[in-house]
Structure formats: C-alpha cells, structure tokens
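Peer 1: Sequence first, then the predicted structure, then my questions.
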Amino acid sequence: MRINKLIISALVILGFTSFSGVANAKCGNITIANMNWASANFMAEVDKIILEEGYGCSVELVPGATMPTFTSMQEKGEPDVAPEFWANAAIIALNKAVDEGKMHSLNKAPITGLGEGWWVLPHTLKKHPELTTADAILKRPDLFPHPEDPSKGGFHICPPGWNCELSNRNHFRAWGMEAKGWKIVETGSAAGLDGSIAKAAERGENWFGYYWSPTSIIGKYDMQAVDMGEWGGKDNWDNCIVKPEQECADPKKTSWVKSEVFTIATDNFKKTAGKDGMDYLKKRVYPGPVMNGMLVWMGENQAEGADAAIEFLKTQEKVWSKWVSKSAAKKIKKAL
C-alpha cells in the first residue's frame with residue numbers, strides 16, 4: 001500500500017513537471033538583438049524578462065548593431081527581434097522584407113519623443129521664452145558665445161566622422177549662420193559634446209547645438225528641442241544635407257528628417273511566440289520622459305541594461321502592465 005502511494009505521488013510529481021514543461025514550451029526559443037547603445041540594451045533586457053517570465057519563452061540576447069543585425073535578420077532569419085531599429089538607412093529594404101513576409105514591423109514608435117535636432121537648456125528658455133525656434137535663436141548669437149571666440153555665437157555639432165557632422169555643417173550653410181554671427185564649435189568627441197552641455201548646465205550658461213533623444217543627457221538636463229520649421233523635402237535632404245559639402249552646393253533650410261524607429265521581428269518570432277508575443281511587442285511603447293529617466297538612472301548608477309530592466313519593472317508597473325495580459329503581469333511581478 002505504501003509502495004502504491006509512493007508510485008502515485010511520483011506520477012503526480014512527474015505529471016506536474018511535464019505539464020509545466022509543456023506550458024513553458026508554448027513559446028519556445030527566441031533570440032533578441034542586444035544593440036550597442038544604452039536604450040536598446042535596456043529594452044532588450046526588459047523584453048527578455050517579460051517574454052520569459054510572463055509568457056514562458058526561452059530568450060537569448062545576442063550582440064547587435066543596426067545594419068549588421070538587419071542584414072542577419074534578412075539573410076539568416078536571426079536574431080528574431082530587434083527592439084530599437086533605426087530604419088532611416090534601410091527603410092526601402094525593410095519595407096521589401098515586410099512585403100515578402102520575411103519580417104514584421106510590430107511597433108512603429110517604440111519610444112515617444114525620439115529623434116534628432118537642435119536643442120537648448122531649460123534655463124535659457126526660462127530667461128528668454130521667445131527662443132523656441134531656430135529663426136529666433138539665430139538672431140541672438142550674443143546669448144551663446146563661442147568658447148574660443150566670444151564675439152561669435154557658438155553652434156555645437158557632432159564629432160568628426162559621424163554622419164550628423166555632415167548634416168550639421170550643411171545646415172550651418174543652409175541657415176546662413178556665418179553671416180548671422182555664428183561659428184561652429186568643434187567638440188572633437190562624444191565626450192567633448194556631452195561635456196560642453198554638462199558644463200553649461202552646471203554653470204547656468206546658454207548652450208545651442210545638435211543632440212538626439214532618447215539619451216541620458218537629454219533626460220538629466222531636461223533639454224528642450226528647438227522648432228526648426230518646415231521639412232525642406234526629400235531631394236534637399238537625401239541629395240544635399242546628408243552629403244559632403246562638395247556634393248551639396250546649395251543646401252536649403254529644413255527641419256531634421258523624421259527618425260523612423262521600429263521594433264522588427266522575423267517570421268520565426270511570429271510562429272514561435274504566437275499571438276501573445278506579437279501583441280506584447282505591438283503594445284510596448286516607452287514614454288520619452290520615462291526612457292530618458294531610465295537612461296539617467298543607468299548613468300548615475302553605472303548600471304547595465306539588466307539592472308535597469310529590474311528597476312523599471314519594479315518602479316514603472318503602471319507603464320508596462322498595459323503591455324501584457326493580467327496573468328502575465330502577475331507572473332512577472334512574482335518573479336521580481
């Protein structure tokens with residue numbers, strides 16, 4: 001009798017174990033691109049936790065960068081997901097892959113308020129509330145003295161070798177900034193650009209130049225985007241603004257090109273993660289201020305994306321709980 005009970009108990013345990021294994025196998029194995037910048041690293045870690053703990057997937061993060069990851073997804077079907085794919089340079093190829101059913105564009109705005117452009121510090125607008133547009137700022141070079149030539153206004157641009165360096169130099173000519181009393185500030189490096197902002201913010205000085213969001217700098221100093229006016233057209237942008245100066249003889253004033261950022265996935269993800277996984281990524285939108293706040297937290301705590309993901313899930317339940325089912329939310333909270 002005792003032996004029979006032991007056998008029954010063993011079978012019950014094995015039954016539960018087997019059932020649990022089937023439940024967790026519902027999703028299967030997923031690979032996610034862990035891109036080489038902070039916001040994408042953070043997003044990949046959040047996706048890993050939610051898909052594993054909420055939906056029973058087995059997730060592996062693989063190193064990635066924008067174009068190598070896209071090429072690999074196209075040609076090899078892996079990784080399965082790129083959480084933060086900046087598509088401007090590959091939009092035609094992406095649309096083709098989507099049309100062919102090889103990829104799925106699940107989320108066309110995974111972070112709100114992102115993009116590139118010109119920015120100022122908030123204390124500048126507090127003292128000079130009229131300086132919300134590029135035209136207004138360019139009339140006041142005296143408020144933004146160049147660090148090496150205070151008689152000129154200082155316009156901070158990207159370090160040498162970045163694509164945005166070309167764009168900003170052409171913008172400088174398009175807006176007639178030299179004739180208006182401005183001079184480019186050569187920041188030299190990413191650290192130099194960041195340092196110029198930090199220095200101005202801490203000293204209460206004015207700063208004007210190029211930056212992008214989401215970033216910890218934008219979040220930390222609550223920087224304000226400048227209204228650059230109307231879009232000057234695709235031909236002006238593609239065939240002049242982004243080209244070397246010798247190939248852009250007559251640049252025209254324009255706002256910055258709209259950043260096209262997506263969460264993209266392979267067809268294998270659709271088959272493996274199913275409707276639950278697809279719905280999660282479609283709903284997963286980070287409010288810009290929340291993302292910038294997390295990037296600030298990462299910087300101040302010298303934290304990696306994995307640490308930030310835990311912090312986010314513990315402190316921002318009102319945000320992420322809208323992305324998942326109620327049952328998944330309970331499992332995720334229990335796992336933290």
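Peer 2: Great, that's in hand. Numbers count the residues shown, from 1 in each chain.
Peer 1: Strands of this protein, residue ranges please.
Peer 2: 28-35, 57-64, 81-86, 103-107, 115-120, 153-156, 182-185, 208-213, 224-225, 261-266 (DSSP state E).
Peer 1: Name the strands paired with the last one and say parallel or antiparallel.
Peer 2: The pairing partners recorded for strand 261-266 under DSSP bridges are strand 81-86 (antiparallel), strand 103-107 (antiparallel).
Peer 1: follow-up on the earlier one: so which of the strands of the chain is the most surrounded?
Peer 2: strand 81-86 (a mean of 26; mean count of other Cβ atoms under 10 Å). No exception for glycine: its C-beta is placed from N, CA and C like everyone else's.
Peer 1: Output the strands of the chain in a markdown table; the columns should cover distance to residue 175.
Peer 2: Formatted as a markdown table, the strands of the chain follow (distance: least, Cβ to Cβ, whole Å):
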| stretch | distance to residue 175 |
| --- | --- |
| strand 28-35 | 33 |
| strand 57-64 | 36 |
| strand 81-86 | 25 |
| strand 103-107 | 34 |
| strand 115-120 | 10 |
| strand 153-156 | 9 |
| strand 182-185 | 9 |
| strand 208-213 | 12 |
| strand 224-225 | 16 |
| strand 261-266 | 26 |
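Peer 1: Tabulate these (CSV), appending mean pLDDT and distance to residue 70.
Peer 2: Output for those, formatted as CSV (pLDDT from 0 to 100; distance: least, Cβ to Cβ, whole Å):
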stretch, mean pLDDT, distance to residue 70
strand 28-35, 96, 9
strand 57-64, 96, 9
strand 81-86, 94, 7
strand 103-107, 92, 9
strand 115-120, 94, 19
strand 153-156, 98, 30
strand 182-185, 98, 32
strand 208-213, 95, 20
strand 224-225, 95, 27
strand 261-266, 94, 8
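Peer 1: so which of those comes closest to residue 254?
Peer 2: strand 115-120 (10.9 Å; Cβ to Cβ).
Peer 1: okay, the closest residue to residue 284 other than its chain neighbours: pLDDT?
Peer 2: Using Cβ to Cβ, 6 or more residues apart in numbering and skipping the chain neighbours, the partner closest in space to residue 284 is residue 323 (4.7 Å). Residue 323 is assigned a predicted lDDT (pLDDT) of 98.
Peer 1: Isn't residue 323 up against residue 280?
Peer 2: Yes - counting by Cβ atoms under 8 Å, residue 280 is a contact partner of residue 323 at 5.7 Å.
Peer 1: Out of the strands paired with strand 261-266, which gets nearest to residue 144?
Peer 2: Residue 144 lies closest to strand 81-86 among these, at 29.0 Å (Cβ to Cβ).
Peer 1: picking up where we left off before, higher neighbour count, residue 323 and residue 280?
Peer 2: Between residue 323 and residue 280, counted using other Cβ atoms under 10 Å, residue 280 has the larger neighbour count: 22 against 19.
Peer 1: who touches that one in this structure?
Peer 2: Under the criterion of Cβ atoms under 8 Å, 6 or more residues apart in numbering, the contact list for residue 280 reads 50-51, 54-55, 323-324, 328.
Peer 1: and the residues you listed as CSV, adding distance to residue 179?
Peer 2: As requested, the contacts of residue 280 are exported to CSV (distance: Cβ to Cβ, whole Å):
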residue, distance to residue 179
50, 53
51, 55
54, 58
55, 59
323, 50
324, 55
328, 59
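Peer 1: filter these to the buried ones?
Peer 2: Using 16 or more other Cβ atoms under 10 Å as the burial test, the contacts of residue 280 include 50-51, 54-55, 323-324, 328 as buried.
Peer 1: what pairs with residue 82 across the strands?
Peer 2: residue 264.
Peer 1: do you know how far it is from residue 206?
Peer 2: For residue 82, the distance to residue 206 equals 38 Å [Cβ to Cβ, to the nearest Å].
Peer 1: and what of residue 109?
Peer 2: 31 Å.
Peer 1: Which one's more surrounded, these two?
Peer 2: residue 206 (22 against 14).
Peer 1: Would you agree the more buried one is in contact with residue 143?
Peer 2: Yes - the pair residue 206 / residue 143 is scored as a contact, 5.2 Å apart, by Cβ under 8 Å.
Peer 1: so how many other residues sit close to the closest residue to residue 187 other than its chain neighbours?
Peer 2: What sits nearest to residue 187 in space, not counting adjacent residues and going by Cβ to Cβ, 6+ apart, is residue 193, at 4.1 Å. A total of 21 residues lie near residue 193 under the criterion other Cβ under 10 Å.
Peer 1: okay, residue 193: pLDDT?
Peer 2: pLDDT for residue 193: 95.
Peer 1: residue contacts, it?
Peer 2: Residue 193 touches 156, 158-159, 187, 209, 211, counting by Cβ under 8 Å, 6+ apart.
Peer 1: same question, residue 29
Peer 2: Counting by Cβ under 8 Å, 6+ apart, residue 29 has contacts 57-60, 272.
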